[in-house]
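Q: when you get a sec, could you give me coordinates for this:
(chains A and B)
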Amino acid sequence: MQLQETIGYKTIQQWLAAKGHRPFAFQEEAWEHIVQGKSGLVNAPTGFGKTFSVFLGAVIDFINRHPNNYQTKSKNGLQLLWITPLRALGKDIARAMEEVVTELGMSWQVGIRNGDTTVNERARQKRQMPEALVITPESLHLLLAQKGYADVLKHLRIMAVDEWHELIGSKRGVQVELAVTKIVHTQKAQANWHCAVWGISATIGNLEQAQEVLLAPVGSTGATVKAQLRKEVEIESIIPDEIEKYPWAGHLGIKLAHKVIPILDQSRTTLIFINTRGMSERWYQTLLNIAPELSGAIALHHGSIEQELRLWVEDNLHTGRLKAVVCTASLDLGVDFRPVETVIQVGSPKGVARFLQRAGRSGHQPGEVSKIYFLPTHSLELVEAAALKSAIEENFIESRDPMLLCYDVLIQFLGTLAISDGFKPDELYHEITATYCYRDMTRDEWNAIVHFVTEGGTALQQYDDYKKIEIIDGVYRISNRRIAMRHRLHIGTIVSESMMKVKFVSGGFIGVIEEYFISRLSPGDVFTLAGRNLELVMIKDMTAIVRKSNATKSIVPSWNGGRMPLSANLGKKLREKFTEAEMVAREAMQAVAPAKNTASRHKSLATAWDIELKVLQPLFQLQETLSHVPRANELLIEQIETKDGFHLFVFPFEGRLVHEAMAAILAYRISKITPITFSFAMNDYGFELLSDQPIPVDDTNVYELFAPDDLLADIQRSVNATEMAKRKFRDIAVIGGLVFQGMPGERKKARHLQSSASLLFNVFSEYEPNNLLLRQAYQEVLDQQMEEVRLRNMLERIQQSTIVLTFPERLTPFCFPIKVDSMREQLTSEKLEDRVKKMQLQLSK
Amino acid sequence: MQVPVAHKIFQHQFWLSPDRCIFWEEAKALIVSDLHFGKSGHFRKNGIPIPQTVYKHDLQRLVDQLQYFQPQQVIVVGDLFHSRENKELELFKRWRHDLIDLPIKLVRGNHDILHDRWYQEAAIEVIEESLTLHTHFKFMHDLEPEQLDHQQYCFSGHIHPGVRVHGLGKQSLAFPCFYFTKTFCILPAFGQFTGLAMINPTAEENVFAIVNKQVIQLQ
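A: Numbering: from 1, shown residues only, chains lettered A, B, ... in the order given. You can find the predicted model right below:
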C-alpha cells in the first residue's frame, strides 16, 4: 500500500493541515521507509522538522498497525527509543512529542530518561515503560544494566539517534553503536526480527560513512533521506575601531564588548557563543558592567550551571523574555528557540561545521536568513571570518571520523552486561564485531579483553583475590553488589570528568565544577560560578561548600573542556586567505607608500578583498616588514632570540594538536643533531620551540627536518608520546573502570581505592606494558592527538612548498600569540640526571 | 645499585638510598615509610586490575636494601600496609617468616588498620604515636611541626613528598624526594604504587630528589 493511502498518513496529514502545515517532501520520504520497516538516515538542518521526520513516522506506523483503537490503546510497551546527546534536549523533544500525542488523542506516554531523572520516575518506568522514551547514550546503557532488559525491548519498533553527527566522532558514539547491536541482536534472538534504526544528522563531510557506522549492526546500509533545503547564512565581522591597538594575542575579546550592545538592541534575542565556560562567566559580568540596564534581560548558560537555572534560561529563551544569553557549546544543539534572531560567535569556532551549527541557531523558520557576527579575540583571528565565509560558500564541511577499537568502552560495556543478565563470550563476540567500531577486532584481542575483565591482568596467582566478572554456569556475571553499584556509577563517566558539586553553607546548590580546579584552591579563595562570586569555605564529601563573596577580584575557573583544535578544512581556507592577505599588503605598500592617511590607503585597495583582510592590512604590513606573510604554498619559520632563550616559530595552520605532535617530532629530530632540551608551545596557527641554546635549523637541513619519512618511528621515539598517552590514559582509565571516583555517602571507605590516572599509567607502563588500555592510549594519541593522517598530509604538503626562514629582530604579529600561550610541553635528548643538574645551575645563577 | 648519599644530623650518619629509604649507621637501622603493602591487592579485590608485580617488586627492593645495609632493625614510620587483610599480605607473611630475626618497629600510620593479632603473628612491634631512640631521634607518621622541640630530630612520612624542579624554557619535572628541615625529615613513600604531594621548601632546608636510580641534592 502507498504511504498516502494509509490511515496513519491521512491522520497525520489532516492534523498538520488543521494547523496550516504540510509535510515536507523529505518527511514523507522518511515516513514511507519507516512504514515499510526500513532503517536509514535523515540528513536535515535544524529547524526544518527533522524530529518529525522520524517521530511522526513512528506514529503513522503505530496507527497503521492499530487503525481502530490507536487512540485508546495504552500500555503498549516501549515503541520508540529516542537517543539524544544532550540532557537539555530531552525535555524539549519530549514536550514536542507529547503535544502531538495529545492533539491526536492517543494514549501514548512520553518519558525522559537521563542523569536528572528521579529515582521514583525510573521505578515508574520500570513498572510500565512509556511508548516513547527520550534517552541519553549513558542512560541507555544503564537500561541495559537492568535485569530483564530484553523484556523491556520486546516491542521496540524504532531506535532513533538524534544529532548523530555530534555523537559519531566520540566514545559516546561508540556507546550508541554497542547499544544498537545489543538491542538488534536481543530482538533477533527473541523473535527473529528487529527494530528499525534511524539516524538524524546535520551535513558533515562523511555523511555516507556516518550512516554506515550507525547501521552496521543492522546489516544493511538502509535508506538515505536528504532534505534539499539550504539555509542562507549571513556573516559579519565585528571590527575593532583601531586595529593597530587591538591586542595581538588573547582569548577573551572583552575589549570589543561595547560593540555587542548595539547588536543586542537591534534583535529580539541574541545568543552569544563563547568557547569556554570560564570565559563565558567573564563575558556575562562584563556585559552587565557596561550595560547595567540589561540586568534581568541577559542570562548565562553553560554545562556547569545548575540544571534548574539552565532550564529557566531555556524556557525564557522560548518565550522571548531574554534579550541575550551568554552560552557555550551547551546551546549548540537542540530544539530551536524561535525568538533568537542573531548569533554572536566570540573567538574562533575552530571549524566550519560548528560555525554553521551555531549560525543556524538564529532565524530557523524555513526561508529565513541566519545572522551571525564574528567577534575576534585577537587581531589575526579576523582572518578566520574571511576563511569561514568562503568555506561556507563552497560547502566545505568537516568530516567526523568514527572512533575505532575503543577497548575502554567495550570493557565498560562488558561490565554493564555482566550486572544485568550476564553474557556468553562466544555469542557476544559476534554481536560486538557487527559494529563498525569493533569489526576489525580479532579473536585474540577479544580473548584478551575477556581475560582482563575476569582475571585482572598480571597477577601473583595464589596471592590474588581479584574479583570483578565471574563465570557462573558459563555465564559471565558480576555478582558482588558493591562492584555492581560502582559500575553503574561509572557508566556516566564518559561525559564528565571528576566533577564536584558546589553548595552554599546554607545548603543551596549552585552547580558543578571540575575537581581539578577546586583542588588548586584554598579555603578563603574567591572564584566565579554561574555569574556569582563565591568564597570557598571547605571541601566535604565531594562537595565544595561556599559562601557569597563581595570580593572584587576572583579566580575564573579554567575548565579543561572546550579545547577543540582548528579543523583541517578551516586551516586550509585560512592558508588561502593569507595568500590574499599577502597580496593586499603588498599592493598597499606599493600603491601608497607615502600616504599616511588610513582612509585613503583603504580606498586604494581593490574592493574585491574581504573586509577583514583590508582592515588587518597594517598588521600584515608589519608582519611583512619584520618577517613574511606566508602564502598557501609556503611554510613560514621565524627564529628569534629573546631573554627567555632561543625561539623557533613555525606556522603550518593545522590546529593545536597537529602542532603539538609536530613540535615534538621536530624537537626530536633536532635533538638528534645535538643534545638539547626544548620546551614548546602551540596554538591553532603554529608552534614554538624554545631552548636555552641556539637551535640548529637552517636552509641546509630544514626540508629534511620536515620529511615524512620515518614519521611513525619518530613519533614513537619522541618522548612526548608518553606524556600524551598519559593524558589520554586519564579518560581511558576512568571509562575502563581503573579510576574509582567514589560513591555518594561513603567517601571515607573509598579513599583506600583512589589513585590518579597518571600513577596508574606509570605502574602499568612499568609492570604490564602490554595492557590493552595502555595500548589504546598510545593508539588514541596517534589517531586523535597526533592526527597522524593529517600530520602526514601536512608534511607532504610542506615538501611541495617553499620553506621561508626569517630572523626577525623582535616578536612578530604572527608569533606573539604563541609566545604568550602558556600550553607548554617539553622534549629532551639530555639524560634526566644531567637535566636536573643543569636546571639547578640555572636557578642558582 | 647506585651509591647512597650521606647526610649528618646531630653527628649521626644517615645514608639516603635511591630506593627510597634511609640507613641510620649508629643505630644500624633501616628507616622506611609508606610502603603501602597490599595496596594492589586491595584494588584487585574491588575489581580494579592493578598489576600485582608492582607489589612483588617493592618486596624485592626491600630485600635488596636489607642485604645491602645489613641493618639490625627496621623502623617503619607508618603505612606499612595499605588496608585490611587480603591475600597479598600472605606473601608478606611468608617473606617475614624468612627474616624472622630482624626486628621491625612500626609507628602506626593512618593506613595501618589490621588487627593487633595480625601484627603479633607477623612479629611486628606496633608503636602508637611516636618512638624515640638515642634520646635525640623521634619517629612518627604524620608530624605536626609546631609540636616539635629543638632537642629532638623527627623522622616521618605520610605525605609522600615530591619536588618540582623548574628550569629555563619553562621546563619542569617532578620527583619523589627526601625533605630535611632543621627539626624534621619527611621520607619519600617506599611503595611504587603511590602518588606525590609537592613540597615548597625554604632556602635553608635540604631536599634530595630521587632521579631514576640516583639521589641528587637540590638544595
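Q: what sits against the closest residue to A:Asn64 other than its chain neighbours?
A: Excluding the flanking residues, the one nearest A:Asn64 by Cβ to Cβ, 6 or more residues apart in numbering or on different chains is A:Gly8, at 4.2 Å. Where you see a C-beta, it was placed from the backbone N, CA and C, and this is true even at glycine. By Cβ atoms under 8 Å, 6 or more residues apart in numbering or on different chains, A:Gly8 lies in contact with A:35, A:59-64, A:67.
Q: let's go with 6 Å and repeat that
A: For A:Gly8, the contact set (Cβ atoms under 6 Å, 6 or more residues apart in numbering or on different chains) comprises A:60, A:63-64.
Q: doesn't it belong to a strand?
A: No - counting by DSSP: H, G, I helix; E, B strand; the rest coil, A:Gly8 falls outside a strand, being helix.
Q: ok, it to A:Tyr373 distance?
A: Separation of A:Gly8 from A:Tyr373 (Cβ to Cβ, to the nearest Å) stands at 44 Å.
Q: before we move on, what about B:Thr194?
A: From B:Thr194 to A:Tyr373 the distance is 52 Å (Cβ to Cβ).
Q: what's the residue lying closest to B:His134 once chain neighbours are set aside sitting at in phi/psi?
A: Here the nearest residue to B:His134 in space, its sequence neighbours aside, is B:Ala27; by Cβ to Cβ, 6+ apart that works out to 6.2 Å. For B:Ala27, the backbone dihedrals (degrees, to the nearest 10) come out as phi -100, psi 0.
Q: got it, and A:Gly296?
A: phi 90, psi -20.
Q: and it, how many neighbours?
A: 10 (other Cβ atoms under 10 Å in any protein chain shown).
Q: ok, A:Gln125 next?
A: Around A:Gln125 there are 19 residues (other Cβ under 10 Å).
Q: pLDDT score assigned to residue 20?
A: The chain I'm using is chain A. pLDDT, A:Gly20: 91.
Q: switch to chain B, that's the one I care about
A: Predicted confidence (pLDDT) for B:Arg20: 95.
Q: same question for A:Arg824.
A: For A:Arg824, the pLDDT comes out at 53.
Q: and the one 5 residues further on, by the same measure?
A: According to the per-residue confidence, A:Ser829 scores 56 in pLDDT.
Q: check A:Val495 too.
A: 48.
Q: now swap in the one 4 residues further on and tell me
A: Predicted confidence (pLDDT) for A:Met499: 63.
Q: ditto for the one 4 residues further on
A: We have a pLDDT of 85 for A:Lys503.
Q: could you look up the SS state of it?
A: Recorded secondary structure, A:Lys503: strand (three-state DSSP).
Q: what's the answer for B:Asn200, then?
A: Assignment for B:Asn200 (three-state DSSP): coil.
Q: ok, now how distant is A:Val615 from B:Leu148?
A: 66 Å.
Q: look up phi and psi at A:Val225.
A: Backbone torsions for A:Val225, taken as degrees, to the nearest 10, come to phi -120, psi 120.
Q: run through the neighbouring helices and strands of the biggest helix by length in chain A.
A: Looking across chain A with DSSP state H, the single longest helix is helix A:568-591. In terms of contacts (3 or more Cβ pairs under 6 Å, 6 or more residues apart in numbering or on different chains; DSSP states H and E), helix A:568-591 is packed against helix A:382-393, helix A:611-615, helix A:617-626.
Q: show me which positions of the first one end up buried.
A: Residues of helix A:382-393 classed as buried: A:382-389, A:391-392 (neighbour count, 16 or more other Cβ atoms under 10 Å in any protein chain shown).
Q: alpha carbons of the helix or strand that that helix is followed by, as CSV, please.
A: Downstream of helix A:382-393, the next assigned helix or strand under DSSP states H and E is helix A:407-419. The C-alpha coordinates for helix A:407-419 follow below in CSV (Å, rounded to 0.1, in the frame of the first residue of the first chain):
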residue,chain,number,x,y,z
TYR,A,407,38.7,-1.1,24.4
ASP,A,408,37.8,1.1,27.3
VAL,A,409,34.2,1.5,26.2
LEU,A,410,34.0,-2.2,25.4
ILE,A,411,35.3,-3.2,28.9
GLN,A,412,32.8,-0.9,30.5
PHE,A,413,30.1,-2.4,28.3
LEU,A,414,31.0,-6.0,29.4
GLY,A,415,30.6,-4.9,33.0
THR,A,416,27.2,-3.4,32.1
LEU,A,417,26.0,-6.6,30.6
ALA,A,418,27.5,-8.6,33.5
ILE,A,419,25.5,-6.8,36.1
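Q: does any part of helix A:407-419 sit near chain B?
A: No - figure legend: helix A:407-419 not in contact with chain B (Cβ under 6 Å from any Cβ of the partner chain); closest approach 8.4 Å.
Q: quick one: the strands in the stretch 201-350 of chain A?
A: A:223-226, A:232-237, A:269-273, A:298-301, A:324-327, A:340-346 (DSSP state E, counting those that start in this stretch).
Q: could I get these as CSV with distance to chain B and mean neighbour count?
A: Listed next are the strands of the stretch 201-350 of chain A as CSV, based on distance: least, Cβ to the nearest Cβ, whole Å; neighbours: other Cβ atoms under 10 Å in any protein chain shown:
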stretch, distance to chain B, mean neighbour count
strand A:223-226, 43, 18
strand A:232-237, 34, 16
strand A:269-273, 32, 26
strand A:298-301, 33, 24
strand A:324-327, 33, 26
strand A:340-346, 28, 25
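Q: could I get the ones you listed as a markdown table with mean pLDDT?
A: Converted to a markdown table, the strands of the stretch 201-350 of chain A look like this (pLDDT from 0 to 100):
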| stretch | mean pLDDT |
| --- | --- |
| strand A:223-226 | 94 |
| strand A:232-237 | 91 |
| strand A:269-273 | 95 |
| strand A:298-301 | 92 |
| strand A:324-327 | 94 |
| strand A:340-346 | 94 |
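Q: distance to A:Phe680 added to those, as CSV?
A: CSV is the format used below for the strands of the stretch 201-350 of chain A (distance: least, Cβ to Cβ, whole Å):
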stretch, distance to A:Phe680
strand A:223-226, 44
strand A:232-237, 31
strand A:269-273, 30
strand A:298-301, 35
strand A:324-327, 33
strand A:340-346, 27
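Q: roughly how far apart are B:Asn212 and B:Pro18?
A: According to Cβ to Cβ, B:Asn212 and B:Pro18 sit 8 Å apart.
Q: one more: A:Val35?
A: For A:Val35 relative to B:Pro18 (Cβ to Cβ), the value is 74 Å.
Q: likewise for A:Leu104?
A: Taking Cβ to Cβ, one finds A:Leu104 at 77 Å from B:Pro18.
Q: tell me the domain ranges of chain A?
A: Chain A breaks down into these domains under automatic domain parsing: A:3-226, A:232-393, A:499-548, A:627-845.
Q: report the distance from the last one to the chain centre.
A: Centre-to-centre, domain A:627-845 and its host chain are 22 Å apart (Cα atoms, centre = their mean, to the nearest Å).
Q: what do you get for the first one?
A: Using Cα atoms, centre = their mean, the distance from the centre of domain A:3-226 to the centre of the chain it belongs to is 24 Å.
Q: now do the second one
A: For domain A:232-393, the distance from its own C-alpha centre to the chain's C-alpha centre is 18 Å (Cα atoms, centre = their mean).
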